[in-house]
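A.B. asks: Below: sequence and its predicted model.
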Amino acid sequence: MTIAIADMQSVGTLGWWYTDLGGASPPDAPSLSISDDGDGDAITATVAGAAGATHTLYYMAAGASAWREGNSRAGDGVIHQTGLATGTLYFFVVVSSAAGLVSLPSPTIQVRLSAGESAAASDLLSSGSSWLAAQRRAHMTRSVVYRRGAASVALAATVGRTPFWVDRGEGLFERIESRDYLVTAADLSLGGMTVLPERGDQIIESAKVYEVMAPADEPPYRYSDRGRSQLRIHTKYMGDDS
């Protein structure tokens, strides 16, 4: 038996279908929040839904007659969607799929993309960011070793911290604080190749080991500038280096 499901929020019809597989139930409708990246052509969607499901983003410009399939991810987290038009009003939903079954769509969210900076403003921001990064590197760093397996590299890093709030269920949230290392992305080179941080990597500072990780499904690093030249790496203290 095939069942058609339509979005009820008056922004166009969504043609979702799932098949009744001997009494199996589709995943629950996921939750969705959207943030404008501010560069004129991209958004970041935060999705959460059924465990083990794949979440797919759909979007439609105001006045359009059809939804477009966007990017997807396995499990909860963020979906980055680019290729959008500056100043345009968009509608977004996300659906979850698991074991051949598709959920109802999330509530529809509408976002009008803000314009990115002019070329002159972008250059000014880039120059300012580069200057700040150079000052940080010259006056606010300490020497650490970044290690992945047998490969390692010495880095000039600035120590920071990031608080996370982790949902423990039943309305309880736990505050967890990571120890962060701010480094220049181009300096993170292992085996002759520039790499990005991965869970399980280690940072050695003063003979103490900090493992690269972040709580829940948070990524273990993020860029700290719009030019993506600086990395903020989240870690947890694991003990002394043996």
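C.D. replies: The structure has been received and is ready for your questions. Numbering: from 1, shown residues only.

A.B. asks: Show me where the protein dips below the pLDDT cut-off.
C.D. replies: Counting by pLDDT under 70, the chain contains low-confidence ranges at 1-24, 115-129, 133.

A.B. asks: again, only using 50
C.D. replies: 1-13, 15-21 (pLDDT under 50).

A.B. asks: In CSV, list the C-alpha atoms belonging to whichever strand in the chain runs longest.
C.D. replies: Across the chain, the longest stretch assigned as strand under DSSP state E is strand 151-169. This file holds the C-alpha atoms of strand 151-169, laid out as CSV (Å, rounded to 0.1, in the frame of the first residue of the first chain):
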residue,chain,number,x,y,z
ALA,A,151,52.8,11.2,12.2
SER,A,152,53.2,14.5,14.1
VAL,A,153,53.9,18.2,13.6
ALA,A,154,54.8,21.1,15.8
LEU,A,155,52.3,23.9,15.9
ALA,A,156,52.0,27.4,17.4
ALA,A,157,48.6,27.3,19.2
THR,A,158,46.5,29.6,21.2
VAL,A,159,44.6,28.0,24.1
GLY,A,160,40.9,28.7,24.4
ARG,A,161,37.7,27.0,25.5
THR,A,162,34.1,26.3,24.2
PRO,A,163,31.1,25.5,26.3
PHE,A,164,28.6,22.9,25.0
TRP,A,165,25.2,22.1,26.3
VAL,A,166,24.4,18.4,25.9
ASP,A,167,20.8,17.2,26.0
ARG,A,168,20.6,14.2,28.5
GLY,A,169,16.9,13.7,28.0
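
A.B. asks: what comes into contact with it?
C.D. replies: 136-137, 140-146, 173-184, 187-191, 203, 205, 214-216, 218, 232, 234 (CB atoms under 8 Å, 6 or more residues apart in numbering). In short, each C-beta sits where N, CA and C put it, glycine included.

A.B. asks: Which of the residues you listed fall in helices?
C.D. replies: The members of these that map onto helices under DSSP state H are 136-137.

A.B. asks: What about the contacts of strand 151-169, which are in strands?
C.D. replies: 142-146, 173-184, 189-190, 203, 205, 232, 234.

A.B. asks: wait, doesn't H234 sit right on E211?
C.D. replies: No: in this structure H234 lies outside contact range of E211 using CB atoms under 8 Å: 9.9 Å.

A.B. asks: Just want to know which of these two has more residues nearby.
C.D. replies: Between H234 and E211, counted using other CB atoms under 10 Å, the more crowded position is H234 (26 against 16).

A.B. asks: neighbours around R228, how many?
C.D. replies: By other CB under 10 Å, 10 other residues sit near R228.

A.B. asks: Grab the nearest non-local neighbour of Y181.
C.D. replies: A157 (4.2 Å; CB to CB, 6 or more residues apart in numbering).

A.B. asks: So that neighbour versus A150, what's the distance?
C.D. replies: Shown here: A157 relative to A150, a distance of 21 Å by CB to CB, to the nearest Å.

A.B. asks: now do R136
C.D. replies: 30 Å.

A.B. asks: more neighbours, the two?
C.D. replies: R136 (18 against 7).

A.B. asks: residues contacting the more buried one?
C.D. replies: With contact set as CB under 8 Å, 6+ apart, R136 has these partners: 158, 182.

A.B. asks: could you measure it against F91, distance?
C.D. replies: 41 Å.

A.B. asks: Buried among the ones in strands among the contacts of strand 151-169? Make that a PyMOL selection.
C.D. replies: Of the ones in strands among the contacts of strand 151-169, the buried ones can be selected in PyMOL as follows, counting by 16 or more other CB atoms under 10 Å:
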select buried, resi 144+146+178+179+180+181+182+183+184+190+203+205+232+234
